[in-house]
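>>> here is the input, now give the coordinates:
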Amino acid sequence: MQQSASSRSAGTLTGSDEDSLAVADAQRIILNQVQPIVATEILALKLALGRVLADDLVSPMNVPAADNSAMDGYALRSIDLQAAKPGSTVTLKIAGHAFAGHAFDGTVNAGHCVRIMTGAVIPQGCDAVLPQELAQRLNDHTVELPAQSGQPGLNIRRAGEDLLLGQAALKQGRLLSPADLGLIASLGLAEVVVKRKLRVAHFSTGDELQSAGQPLDEGHVFDSNRYTLHGMLVRAGFEPIDLGLVKDDPAAIEAALLQACAQADAVITSGGVSAGDADYTRQMMARLGDVAFWKIAMRPGRPLAFGTLDVNGKRAILFGLPGNPVATMVSFYFFARPALYALAGAQAPELTTVRAISEADIPKKLGRTEFQRGQLTRSSSGELGVRTTGAQGSGILSSMTEADCMIILSNDQDTVRTGDMVDVVLFDGLI
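All right, here's what the predicted structure looks like:
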């Protein structure tokens, strides 16, 4: 449900959100502070999948290199068919054969044609290819074809039709896909220059955390964030550096941030950025660099710190993500992920957003953006519907595993009613 601008003007941000940044403002501030890395490396083509193209890839040749046949049939001079009366047939002598990789050697003269296969170079003198289905083979040396059936250029793939010599085949910053690798190979290139892989250090903070695989002490919980962060970083094509668990101790957090800055281009922490007495991460961030902001008008993920570390001339961008598992994932996808792609010099893949009908009321507080985990449905008429996965607490990680989308409720929306249209970001290819 939308409110008018006048009704929103008074008290849009209320309570704990009144001193928090809007989501769009935070995203803009982050991207404005990111400077792409410049280091590159040369990789064998088979190793370049998902890597960032360092420069425009300029085609060193025409693709295809020569005019060739788009089908099996007969290469001929279209004038030979155009000269005959409509409804009649034309008999041509077969001068030879042309196969892909084995061109016809010679020039086709008037009254002649060449039996040609798909991909074969068009013989000199020919300007059309007639499909073999239209031909009646009289013997090994002659063929009968319908008059008026061949126009210049018919069924011919022109040289450079796919790529022209000197054309930018792929643009700088592209994340190389399987199709891209094939295109590069079609240019005869076995290697490609890419940006070096972005290195991202991450660690979790909290005295209550234990690593998976250990006996769980009373009052402790297993750390899930390092594993989700590792998976999200690998899925995005970055190189994760796992610095483990760090206690709620200023000296320990400072040492971890120093190590992270020395090893990585970006640093991600989880936990320690709220207003609690033992939340030291934000303090150490400010001491070692600069904190641009630390609160965003959103749910989950309000305590999200962003800034830079600058230690001994080495700079790294830094995200202090909230400690709750869902908040960590939401914050990563909508704030850290776009920034990391920009830092890597990549054109970030667009999130797939669709509109869907809410199948139930969704309570919503005006003045903040909310990210609700959802499940899509499709009606018999083909309309998309969406419902939440149930309880939306930021510590309920199962709400992410059960979801296939995120329902985005904007800053100026309040409670959504059944039947309202909402924005939905698909998880397909993301999680």
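
>>> can we go C-alpha only for contacts and neighbour counts from here?
Will do.

>>> residue closest to the middle of the chain?
residue 349 (2.7 Å; C-alpha atoms, centre = their mean).

>>> show me the shaky parts of this structure.
1-18, 274-279, 431 (pLDDT under 70).

>>> quick one, domains of it?
11-39+197-343, 41-63+174-195, 68-157, 353-426 (automatic domain parsing).

>>> just put those domains in CSV and tack on distance to residue 168 and mean neighbour count.
Converted to CSV, the domains of the chain look like this (distance: least, C-alpha to C-alpha, whole Å; neighbours: other C-alpha atoms under 10 Å):
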stretch, distance to residue 168, mean neighbour count
domain 11-39+197-343, 20, 19
domain 41-63+174-195, 4, 17
domain 68-157, 20, 19
domain 353-426, 30, 18
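
>>> of all the ones you listed, which lies closest to residue 164?
domain 41-63+174-195 (4.6 Å; C-alpha to C-alpha).

>>> ends of that closest one, what's the gap?
This stretch, domain 41-63+174-195, spans 6 Å end to end (C-alpha to C-alpha, to the nearest Å).

>>> please compute how far that domain lies from its chain's middle.
Relative to the chain's own centre, domain 41-63+174-195 is displaced by 17 Å; criterion: C-alpha atoms, centre = their mean, to the nearest Å.

>>> do I have it right that residue 281 meets residue 273?
Yes. With contact defined as C-alpha atoms under 8 Å, residue 281 reaches residue 273; the gap is 5.7 Å.

>>> find residues that contact each of these two.
Contact criterion C-alpha atoms under 8 Å, 6 or more residues apart in numbering; residues bridging residue 281 and residue 273 by contacting each: residue 320.

>>> re earlier: out of the domains of the chain, flag the one nearest residue 165.
domain 41-63+174-195 (4.4 Å).

>>> for stretch 301-310, measure first residue to last.
End-to-end distance (C-alpha to C-alpha), stretch 301-310: 25 Å.

>>> what's the helix or strand encompassing residue 230 packed up against?
Here residue 230 is covered by helix 225-236, with elements defined by DSSP states H and E. The contact analysis (3 or more C-alpha pairs under 8 Å, 6 or more residues apart in numbering; DSSP states H and E) places helix 225-236 against strand 199-205, strand 239-246, helix 325-331.

>>> the helices in the chain, which residues?
Taking DSSP state H, the helices of the chain run over residues 5-8, 23-32, 78-82, 178-186, 225-236, 250-263, 281-288, 325-331, 337-343, 398-401.

>>> CSV for these, including distance to residue 316?
Shown next, in CSV, are the helices of the chain (distance: least, C-alpha to C-alpha, whole Å):
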stretch, distance to residue 316
helix 5-8, 38
helix 23-32, 13
helix 78-82, 66
helix 178-186, 31
helix 225-236, 16
helix 250-263, 6
helix 281-288, 11
helix 325-331, 18
helix 337-343, 10
helix 398-401, 29
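
>>> nearest to residue 269, of those helices?
helix 281-288 (8.1 Å).

>>> now for the domains of the chain, which one comes closest to residue 163?
By C-alpha to C-alpha (comparing all of the domains of the chain), the closest turns out to be domain 41-63+174-195, at 4.9 Å.

>>> distance check, the residue nearest to residue 191 when sequence neighbours are not counted against residue 410.
Leaving out its chain neighbours, the residue that sits closest to residue 191 by C-alpha to C-alpha, 6 or more residues apart in numbering is residue 44, at 4.5 Å. Separation of residue 44 from residue 410 (C-alpha to C-alpha): 45 Å.

>>> for residue 115, same thing?
64 Å.

>>> excluding chain neighbours, what is closest to residue 402?
residue 389 (6.8 Å).

>>> residues contacting that neighbour?
Contacts of residue 389 by C-alpha under 8 Å, 6+ apart are 373-375, 399, 402-403.

>>> and the two most separated of those?
Among these, 375 and 399 lie farthest apart (C-alpha to C-alpha), at 10.0 Å.

>>> excluding covalently adjacent residues, which one is nearest to the residue of the chain most remote from its centre?
Distance from the centre of the chain peaks at residue 85, with 56.8 Å (C-alpha atoms, centre = their mean). Of all residues not flanking residue 85 in the chain, residue 147 sits nearest, at 6.5 Å (C-alpha to C-alpha, 6+ apart).

>>> for the one you found, what are its contacts?
With C-alpha under 8 Å, 6+ apart, residue 147 has these contacts: 81-90.
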